[in-house]
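> Sequence plus the predicted model coming up.
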Amino acid sequence: MNFSIQSPLENDRVQLLPLREEDFDNLYAVAADEKIWEQHPNKDRWQEPVFRSFFEGAMQSKGAFKIVDKSSGAIVGSSRFYDYTAADNSIFIGYTFYARRFWGTGLNPVVKKLMLDYIFHFVDKVRFHIGAANYRSQTAITRLGAVKVAEEEVAYYGEPSRLNFVYEIQREDWQAKEA
């Protein structure tokens with residue numbers, strides 16, 4: 001892998017900055033909302049000890065971002081790049097969550113576009129793990145042009161395995177959609 005999966009990214013609405021240990025309290029203030037995790041396979045992530053494990057996994061991934069709303073300067077969520085595979089030149093984007101006040105505001109497509117535009121300079125495919133019952137995220141990712149390609153059990157860092165759907169966007173499809 002000859003590229004960074006934690007380069008700062010920015011557009012007119014958000015900054016994606018590398019997640020740091022000192023970001024825990026501000027990010028947990030967002031994640032402590034139980035409703036954020038209702039459709040997620042790991043519904044108890046709003047609890048501080050469970051979120052601490054999630055955060056440790058984010059730090060160890062070396063691809064995690066805090067998402068900063070430029071108008072307020074507040075941390076409003078997180079996402080990350082992970083599991084680069086050289087054999088088929090692919091990477092995953094995931095572990096994404098946002099403060100509920102940003103749901104339905106168009107923030108997710110703005111963040112995903114920023115990440116996809118960057119990473120498609122380096123990879124041919126981007127994949128997404130989405131919980132089998134996370135209908136909100138399934139709808140959101142298909143709106144971006146992702147296609148369901150598999151189902152698999154995924155064990156998130158420090159958490160039990162759960163059924164996830166794997167969605168994929170190929171570089172040429174993304175570029176054609178953006179053209």
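Sure thing, it's come through. All values derive from a computational prediction rather than experimental measurement. Numbering: from 1, shown residues only.
> Buried residues, stretch 165-177. List them.
165, 166, 167, 168, 169, 170, 171, 174 (16 or more other CB atoms under 10 Å). To be clear about C-beta, it is placed using only N, CA and C from the backbone, and glycine gets the same treatment.
> how far away is the last one from residue 93?
With the distance defined as CB to CB, to the nearest Å, residue 174 ends up 12 Å from residue 93.
> Now do the shared contacts for those two.
116, 126 (CB atoms under 8 Å, 6 or more residues apart in numbering).
> and the buried residues of stretch 165-177 as a markdown table, adding secondary structure?
What follows is the buried residues of stretch 165-177, written out as a markdown table (DSSP: H, G, I helix; E, B strand; the rest coil):
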| residue | secondary structure |
| --- | --- |
| 165 | strand |
| 166 | strand |
| 167 | strand |
| 168 | strand |
| 169 | strand |
| 170 | strand |
| 171 | helix |
| 174 | helix |
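> Would you check which pair of these lies furthest apart?
Longest distance between any two of the buried residues of stretch 165-177 is 20.8 Å, between 165 and 171; criterion CB to CB.
> residues in contact with residue 140?
Contacts of residue 140 by CB under 8 Å, 6+ apart are 108, 109.
> what about it, which SS state?
helix.
> what about the helices in this protein?
24-31, 48-61, 107-119, 135-143, 171-178 (DSSP state H).
> how about those helices in a markdown table, adding mean pLDDT and distance to residue 7?
Shown next, in a markdown table, are those (pLDDT from 0 to 100; distance: least, CB to CB, whole Å):
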| stretch | mean pLDDT | distance to residue 7 |
| --- | --- | --- |
| helix 24-31 | 97 | 19 |
| helix 48-61 | 94 | 14 |
| helix 107-119 | 96 | 7 |
| helix 135-143 | 92 | 22 |
| helix 171-178 | 92 | 18 |
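> now residue 137, nearest residue through space, not along the chain?
Closest residue to residue 137 apart from its sequence neighbours, by CB to CB, 6 or more residues apart in numbering: residue 130 at 4.8 Å.
> List the residues that contact that neighbour.
So residue 130 contacts 94, 137, 138, 141, 164, 165, 166, 167 (CB under 8 Å, 6+ apart).
> And stretch 80-88, what's buried?
Those buried within stretch 80-88 under the rule 16+ other CB under 10 Å are 80, 81, 82, 84.
> Show the average pLDDT along it.
If you average the pLDDT over stretch 80-88, you get 96.
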